[in-house]
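**Student:** fold the following.
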Amino acid sequence: LAAAGRRIGLAAVAIAIVLPFAVPGIEPRGLLGIGGNGDTGAGRGSGSITGLNALDPLVSVRRQLVREGDAEVLRYRTTDGAAPDYLRMYSLDRFNGETWSTGPLRAGPDGRVADKELPAEPGVSAIPARAVTTDIGIDSRVHGLDVLPMPYPPTKVSIKGDWRVDPRSLTVFSTHDSAGGRSYTVTSIRAEPTYQELVTEATPPDSITSRYLGVPDSVGDDIAKLAAQLTAGASTPYEKAVKLQDWFTRPGNFTYSLDTPPPQRGGALRDFLFTSRTGYCEQFASSMAVLARVLGIPARIGMGYTAGTQQPNGEWVVRTKDAHAWPELYFTGVGWLRFEPTPGGDGGQGSATVPSYTAPQLLPGSPGSDPQTQLPSTGSGSGSAPSSAPTVTRHRTDTLADQRAAPGAAPESDTSHPPVLWLLIG
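**Tutor:** From the prediction side, this is the model:
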């Protein structure tokens with residue numbers, strides 16, 4: 001079994017290196033995999049479990065966006081108001097100048113979710129937040145999906161089967177079970193920071209800077225100069241992040257297109273930023289994340305699905321064309337926040353939405369803001385009705401703990417997934 005596990009791991013690495021060059025994009029195990037083979041191979045050795053889905057479900061975000069038809073992936077109901085947040089699956093934190101990737105997913109002996117409190121999101125202070133409950137049902141035609149789409153950050157997951165949480169990314173995964181046809185409930189928290197909390201200049205902890213600021217030498221002075229020019233006049237990381245997002249989404253600056261041919265290796269980032277200015281979500285997300293890191297703002301790529309489309313009965317439907325990638329930026333005391341540089345609507349990726357907290361003039365406490373125009377909830381989107389969910393403090397000692405069952409899962413072996421998720425800027 002150990003030898004079989006090593007062979008599977010080597011094959012996964014080879015596939016991860018080769019496939020992105022054929023079609024630039026994220027290549028996760030089982031991002032969707034409607035139809036096809038959903039079997040899982042697993043090898044056990046050295047006290048750990050390594051799982052790898054069959055090859056058929058290896059699909060990119062671009063392939064989902066351009067595929068014929070628009071298959072349903074999941075449905076959900078939420079207490080998150082009229083503009084729920086995205087459903088995140090993966091976090092990509094490694095950038096080598098050409099690709100973004102994620103390390104192995106690992107869960108310790110107490111890693112089973114089992115209706116218990118999940119690990120805390122790192123570096124979050126006691127800021128206002130809302131408790132959100134989301135009931136999700138994955139379509140039965142989905143095969144090979146071994147990671148659960150859910151709002152970030154989750155605090156509790158109720159699902160049958162052997163599902164575990166990676167404490168660093170808060171990704172919930174399984175080496176034995178597939179999500180297809182399953183229903184589960186997620187409790188999560190939606191931050192509602194004030195302007196004063198966002199404009200902090202406090203230094204992130206070493207555990208964040210050491211992992212989420214790395215930029216290779218191939219990201220040269222021209223890109224650093226562009227980042228400085230775009231954020232001129234901004235004094236805090238938050239203000240710089242807002243300027244970056246505004247630059248990408250300002251009409252006329254960039255064009256959203258799925259027909260863009262991949263550039264030559266080695267020039268993808270520069271081609272997008274300086275020449276073509278044309279791409280889809282992967283180019284926008286990865287470029288903004290690189291620029292943020294150059295400016296000293298910890299950044300990574302989130303990947304999963306947008307909120308989808310709300311139905312007349314209040315239910316939300318997520319389809320293949322809602323597959324998406326976006327940048328997540330870290331702010332001391334607030335934690336990881338989603339940004340959205342990809343154009344939405346008819347001229348972009350239809351269901352992409354700009355987070356309301358990226359409009360400083362609408363945040364509570366912003367200089368010169370009009371209380372009459374301030375958002376009722378920074379997590380509900382501009383113009384949306386405030387959520388009926390109670391306001392809580394975004395901290396692990398808050399009242400959210402009262403809504404969770406006490407930990408009681410039996411210890412298990414460490415689990416991990418091989419690093420087979422890649423994104424090529426192209």
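**Student:** in the stretch 101-250 of the chain, where is pLDDT below threshold?
**Tutor:** 123 (pLDDT under 70).
**Student:** go again with 80.
**Tutor:** Scanning the stretch 101-250 of the chain for pLDDT under 80 picks out 103, 122-126.
**Student:** which stretches in it count as helices?
**Tutor:** Applying DSSP state H, counting those that start in this stretch to the stretch 101-250 of the chain gives helices spanning 195-198, 206-212, 221-230, 237-249.
**Student:** export the second one to PDB, keeping only CA atoms.
**Tutor:** Listed in PDB are the C-alpha atoms of helix 206-212, where the atom choice follows Å, rounded to 0.1, in the frame of the first residue of the first chain:
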ATOM      1  CA  ASP A 206       5.300  36.100  11.400                       C
ATOM      2  CA  SER A 207       3.100  33.000  10.700                       C
ATOM      3  CA  ILE A 208       1.300  35.100   8.000                       C
ATOM      4  CA  THR A 209       4.100  37.100   6.500                       C
ATOM      5  CA  SER A 210       6.400  34.000   6.200                       C
ATOM      6  CA  ARG A 211       3.800  32.100   4.200                       C
ATOM      7  CA  TYR A 212       1.800  34.700   2.200                       C
END
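**Student:** confirm that residue 351 sits in a strand.
**Tutor:** No: looking at residue 351 with DSSP: H, G, I helix; E, B strand; the rest coil, it is coil, so not inside a strand.
**Student:** wait, it sits on residue 310?
**Tutor:** No: at 10.3 Å, residue 351 does not count as touching residue 310 under the criterion of Cβ atoms under 8 Å. Backbone N, C-alpha and C define where each C-beta goes, glycine included.
**Student:** neighbour count for these two, which is higher?
**Tutor:** residue 351 (18 against 14; other Cβ atoms under 10 Å).
**Student:** give me the distance between the more buried one and residue 254.
**Tutor:** The gap separating residue 351 from residue 254 is 18 Å, by Cβ to Cβ, to the nearest Å.
**Student:** give me whichever of the helices of the stretch 101-250 of the chain is most buried.
**Tutor:** helix 237-249 (a mean of 21; mean count of other Cβ atoms under 10 Å).
**Student:** parallel or antiparallel, list what pairs with the very next helix or strand once past that helix.
**Tutor:** Beyond helix 237-249 on the C-terminal side, the first helix or strand identified by DSSP states H and E is strand 255-256. In the sheet, strand 255-256 lines up against strand 278-279 (parallel) (DSSP bridges).
**Student:** same question for the partner strand, mean pLDDT?
**Tutor:** Computed over strand 278-279, the mean pLDDT rounds to 91.
**Student:** who does the closest residue to residue 189 other than its chain neighbours form a beta bridge with?
**Tutor:** Closest residue to residue 189 in three dimensions, ignoring its sequence neighbours and counting by Cβ to Cβ, 6 or more residues apart in numbering: residue 129, at 4.6 Å. Beta-bridge pairing for residue 129 (DSSP bridges): residue 191, residue 392.
**Student:** residue 129 contacts residue 194, doesn't it?
**Tutor:** No: the pair residue 129 / residue 194 is not scored as a contact, 11.8 Å apart, by Cβ under 8 Å.
**Student:** can you map out the strands along the stretch 51-200 of the chain?
**Tutor:** Secondary structure of the stretch 51-200 of the chain, counting by DSSP state E, counting those that start in this stretch: strands at 72-78, 87-92, 94-95, 99-101, 106-107, 127-138, 154-158, 164-166, 171-173, 183-191.
**Student:** got the CA coordinates for stretch 250-260 in CSV?
**Tutor:** Taking C-alpha atoms only, stretch 250-260 is exported to CSV below (Å, rounded to 0.1, in the frame of the first residue of the first chain):
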residue,chain,number,x,y,z
ARG,A,250,-12.7,50.4,-13.7
PRO,A,251,-14.5,50.4,-17.1
GLY,A,252,-12.0,50.5,-20.0
ASN,A,253,-9.0,49.3,-18.2
PHE,A,254,-9.4,45.5,-18.7
THR,A,255,-11.5,43.2,-20.9
TYR,A,256,-13.1,40.0,-19.6
SER,A,257,-12.8,37.2,-22.2
LEU,A,258,-12.7,33.4,-22.3
ASP,A,259,-11.2,33.4,-25.8
THR,A,260,-7.8,34.8,-24.9
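**Student:** how about it: buried residues?
**Tutor:** Neighbour-count burial for stretch 250-260 flags 254, 256, 260 (criterion: 16 or more other Cβ atoms under 10 Å).
**Student:** tell me the SS of the last one?
**Tutor:** This points to residue 260. Assignment for residue 260 (three-state DSSP): coil.
**Student:** perfect, I'm done here.
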